[in-house]
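Peer 1: Below: sequence and its predicted model.
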Amino acid sequence: MGCSFEVKRSTFEQALFGIQNVAQKRTATPILANVRIDASNNELHLFATDYDIGLQQRLEATVDQVGSAALPARVLYDIVKKSKGDSIRIEIDDNHQGVVKTGVRARYKLVGMNPVDFPEPSRIQPETSLKLDRDMFRLWIKKTLFAASSDESRVSLAGVFLEAYDGNNLRFVATDTHRLGLVEVQGIEGCSIVPEDGIIFPRKALQELQRICDGEGEVQVTIDTPSVQVEWDDTVFVFRTVDGRFPNYRTVIPESTSRVVVIDRQEFMQAIDRVSLVVTDRFKCVTLAFENNILTIMANNPDMGEGEEQIDCTYDGDRLEIGFNAQYIQESLSEITTDKIELRLIDDVSPTLIYGENDESYLNVIMPMRI
């Protein structure tokens with residue numbers, strides 16, 4: 001059975017943006033390259049899934065004929081995005097063929113599929129959920145996800161670990177074993193829904209979530225292992241958690257350090273950026289030398305040349321030279337918002353801690369490189 005409806009173009013485009021990202025581009029199951037559209041009661045329900053991630057969107061529309069359709073998600077999004085006019089009209093016949101009318105004189109025909117073959121949307125009926133500020137939720141993910149492993153074969157590291165501690169507190173943690181990002185959030189109601197051993201949110205799901213979870217307000221996070229549901233406004237985002245155990249990250253965080261360096265964050269970032277001009281994938285190390293309140297930043301690349309800069313810092317210990325992956329330092333500093341940062345060090349082979357000055361809630365750990 002076909003359907004027909006008219007919808008505001010800008011609203012439809014915004015909904016399809018997330019939908020077409022979730023829909024499979026290349027798949028052995030062709031139906032998953034489509035968006036399922038259910039039209040009834042002057043509203044549309046859009047759904048896309050790749051089995052690991054599912055996205056449901058609800059939006060208002062003028063529905064002339066109630067029914068369902070499955071249309072190619074990416075092509076439909078591109079048509080809507082590039083079309084003129086304020087509204088989009090779509091008519092689906094009984095053979096699942098769709099006609100898309102945009103503006104006054106534009107008309108496109110799309111080959112659809114039988115929506116009956118589309119997987120049914122899954123939804124968790126929450127008994128208890130985490131209610132989180134939307135802006136802060138995105139920020140906590142951003143401050144940790146960059147440190148997750150990009151090696152998909154290491155599934156337990158290719159995401160962000162969430163655990164509850166001391167009652168109403170949460171930790172977001174990510175690591176690729178060379179570096180680590182950790183955010184602590186206190187005073188969150190509903191933390192008891194987080195499994196005792198924690199839970200791993202996969203990289204892909206969080207990247208999609210970052211793209212579409214915009215605006216202000218709350219998100220409602222519900223956990224029913226192995227599924228997690230994040231809901232806001234007229235959007236429901238469901239994904240499967242990583243099946244694996246997150247490593248004991250606490251073992252790489254030194255309980256105490258013997259040296260503390262305080263540096264202007266912006267000046268440090270800019271100096272690292274300039275010295276890194278001679279850094280390549282083959283020679284990616286920068287050396288930091290601390291002595292007499294001066295930080296010397298050095299890079300040496302036999303294939304290209306060398307760079308050196310000095311900036312002021314607060315440090316009165318013995319001279320210390322330590323090497324780091326330049327990219328790891330830059331990415332860590334870019335997620336800290338305080339004017340100054342603290343490097344807490346032991347020696348040139350032990351993990352180094354990076355904090356924003358007077359901010360214990362966000363920690364970065366970087367393993368040194370051999371100089």
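Peer 2: Good, I have the coordinates. No experiment lies behind these values; they were computed from the predicted model shown.
Peer 1: contacts and neighbour counts: CA atoms only from here.
Peer 2: Noted.
Peer 1: Mind giving me the packing neighbours of the longest helix that the chain contains?
Peer 2: Secondary structure assigned by DSSP state H gives helix 9-22 as the longest helix of the chain. The contact analysis (3 or more C-alpha pairs under 8 Å, 6 or more residues apart in numbering; DSSP states H and E) places helix 9-22 against strand 43-49, strand 53-60, helix 73-82, strand 87-92, helix 203-212.
Peer 1: Most tightly packed of these?
Peer 2: Counting by mean count of other C-alpha atoms under 10 Å, strand 43-49 has the highest mean neighbour count of the helices and strands packed on helix 9-22, with a mean of 25.
Peer 1: what's the model's confidence in it, averaged?
Peer 2: Across strand 43-49, the average pLDDT comes to 97.
Peer 1: what angle sits between it and helix 73-82?
Peer 2: If you take axes from the mean of the first three to the mean of the last three C-alpha atoms, to 10 degrees, strand 43-49 sits at 130 degrees to helix 73-82.
Peer 1: contacts for strand 43-49?
Peer 2: Residues outside strand 43-49 that contact it (C-alpha atoms under 8 Å, 6 or more residues apart in numbering): 15, 19-20, 22-24, 32, 34-39, 54-63, 119, 121.
Peer 1: one more time with 7 Å
Peer 2: Outside strand 43-49, the residues that touch it by C-alpha atoms under 7 Å, 6 or more residues apart in numbering are 19, 22-23, 32, 34-39, 54-61, 63, 121.
Peer 1: contacts for stretch 113-131?
Peer 2: Outside of stretch 113-131, the residues within contact range by C-alpha under 7 Å, 6+ apart are 31, 36, 47, 68-71, 96, 189-191, 193, 218-222, 229.
Peer 1: before we move on, back to that, nearest to residue 185, of the helices and strands packed on helix 9-22?
Peer 2: With C-alpha to C-alpha as the criterion, residue 185 lies closest to helix 203-212 of the helices and strands packed on helix 9-22, at 18.2 Å.
Peer 1: Buried residues in the first helix or strand past that closest one going along the chain, which are they?
Peer 2: Next helix or strand after helix 203-212 toward the C-terminus (DSSP states H and E): strand 218-224. Within strand 218-224, the residues that count as buried by 16 or more other C-alpha atoms under 10 Å are 218, 219, 220, 221, 222, 223.
Peer 1: ok, strand 218-224: who's next to it in the sheet?
Peer 2: strand 130-133 (antiparallel), strand 227-232 (antiparallel) (DSSP bridges).
Peer 1: which parts of the shortest one are buried?
Peer 2: Put plainly, it is strand 130-133. The neighbour-count check on strand 130-133 (16+ other C-alpha under 10 Å) flags 130, 131, 132 as buried.
Peer 1: pLDDT (mean, whole number) over the one helix or strand residue 295 maps to?
Peer 2: Residue 295 belongs to strand 294-301 when elements are defined using DSSP H and E. Mean pLDDT, computed over strand 294-301, is 94.
Peer 1: Counting by contacts, list what it packs against.
Peer 2: strand 285-291, strand 305-312 (3 or more C-alpha pairs under 7 Å, 6 or more residues apart in numbering; DSSP states H and E).
Peer 1: How far off centre is it?
Peer 2: Distance of strand 294-301 from its chain centroid, counting by C-alpha atoms, centre = their mean, to the nearest Å, is 32 Å.
Peer 1: any idea of the angle that strand forms with strand 285-291?
Peer 2: Per the same axes, to 10 degrees, the angle that strand 294-301 makes with strand 285-291 is 160 degrees.
Peer 1: residues contacting residue 354?
Peer 2: Contacts of residue 354 (C-alpha under 7 Å, 6+ apart): 341, 342, 343, 344, 363, 364, 365.
Peer 1: Considering these, which possesses the most neighbours?
Peer 2: Highest neighbour count within those, by other C-alpha atoms under 10 Å: residue 364, with 29 neighbours.
Peer 1: Is it correct that that one is in contact with residue 182?
Peer 2: Yes: using C-alpha atoms under 7 Å, residue 364 is in contact with residue 182, at 6.4 Å.
Peer 1: shared neighbours of those two, anything?
Peer 2: Shared contacts of residue 364 and residue 182 (C-alpha under 7 Å, 6+ apart): none.
Peer 1: Mind checking the helices and strands packed on strand 294-301 for the one nearest to residue 271?
Peer 2: strand 305-312 (6.7 Å).
Peer 1: now residue 355: how far from residue 179?
Peer 2: Using C-alpha to C-alpha, to the nearest Å, residue 355 is found at 14 Å from residue 179.
Peer 1: which residues of the stretch 51-200 of the chain score low on pLDDT?
Peer 2: For the stretch 51-200 of the chain, no stretch has pLDDT under 70.
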